[in-house]
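> Mind folding the following:
(one chain, ligands or ions: 1)
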Amino acid sequence: MNGIHISIPVVQGNNIPFVALKESDVLDVRVWVYNSKEVRYTMKPLIIDTDIGVDVDDAFALAYAVKSGLDVQLITTVYGDTELRAKIATYLVQDLLQADIPIAAGLEKPLKHKLVFPLAGHEKLAIPSGYAPSINANGIEALASTIRSSPGIEIACIGPLTNIATLLSTSPDLASNIGHLYIMGNATICGCGEYHLNFRAHNFKVDPEAVDVVFASSIPKTLITTPIAKQSLITPEDIRSWRGNSVGNYLADTAEHWLAFSKYDCAFLYDPLVIHHTFDYDITAKSSYHLLAITTSAAPHFADLFLRVIRR
Ligand SMILES: [Ca+2]
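This is a model prediction of the structure:
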């Protein structure tokens, strides 16, 4: 903080879970309060690499990042129809949330796998008919230039790891510029101080070679695991409670399309929990293995926090 001490006002209440304060280039501190717990963090540049479109949790994650005031410098899309995914992200982030964040479409095909699961069909309902924003089709180049210009930048990897693996393979010098990778996936922790990555997790299963590249890198990583993330969920009643404004209506519509398709009676907050780790790392406990930490405990109050932020 460059030796400057500033007293930061804190507001606590059901509808105001945190207060943001931003002053000049020497202070960029946010204070986030939940009950008596106070979390202070400095703003850090962040990239979000997402497969927004089928499961609604990516849309939740982008809304959660923007509504939390994070310094998101780039959003890239990955896997399958990345142009449609980029259009969905553009509509949500730039049109509805009014956030000036660049968005670029990344790679459609896994490194080696021939099979790409098709979209479910309800994704096109997430953008208005005829919506045709200009899309930057070179996500890898956008990743490289953003990382190069922002040493220490962190990446929330909430889709398959194809883009990140390709970046590390084609521009290995950029690995030292990446401060941390927060990865949604799965692993089994063994009793002998070891772990095994679990390739049944969707993000790992569809591009296992990309997982190998990313996990072989020297970048510090946190793996948010499926069983831990799955313990934070919201109900159809929670979703209906968002209605009343354009963003809330959009998220509710999109979530209801997903629930109708998936036949689930709740929506799991996998990807929002990944985003939350980027500014409140202790939301879960973890086991550490050199450069990798793997979540081991649930975050029982996270769904409540998420709902409060989305309702702001
Ligand atoms: Ca995702």
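> where exactly do the helices run in this structure?
57-67, 82-90, 139-148, 162-170, 202-205, 208-215, 226-229, 236-240, 246-262, 270-277, 302-310 (DSSP state H).
> Go through the fourth one and flag the buried ones.
Buried residues in helix 162-170, counting neighbours by 16 or more other C-beta atoms under 10 Å, are found at Thr162, Asn163, Ile164, Ala165, Thr166, Leu167, Leu168. C-beta here means a position set from N, CA and C on the backbone, and glycine is covered the same way.
> Specify which member of those residues is nearest to Ala99.
Asn163 (20.6 Å; C-beta to C-beta).
> Could you pull up the contacting residues of that closest one?
Residues near Asn163 by C-beta atoms under 8 Å, 6 or more residues apart in numbering: Asp49, Thr76, Val78, Gly106, Leu107, Gly139, Ile140, Leu143.
> for Tyr182, same thing?
Glu154, Ile155, Ala156, Cys157, Lys221, Thr222, Ile224, Val274, Ile275, His277, Thr278.
> restrict those to contacts with the ion.
Subset of those in contact with the ion: empty, counting by C-beta under 5 Å from the ion.
> Tell me which of those fall in strands.
Glu154, Ile155, Ala156, Cys157, Lys221, Thr222, Ile224 (DSSP state E).
> separation between the first one and the ion?
Using C-beta to the ion, to the nearest Å, we find Glu154 at a distance of 17 Å from the ion.
> So what pairs up with that residue in the strands?
Beta-bridge pairing for Glu154 (DSSP bridges): Leu46, His180.
> Let me know the pLDDT of it.
Looking at Glu154, its pLDDT is 97.
> surely it meets Leu46?
Yes - at 5.4 Å, Glu154 and Leu46 qualify as touching, with contact defined as C-beta atoms under 8 Å.
> Now the common contact residues for the two.
With C-beta under 8 Å, 6+ apart, Glu154 and Leu46 have common neighbours Thr278.
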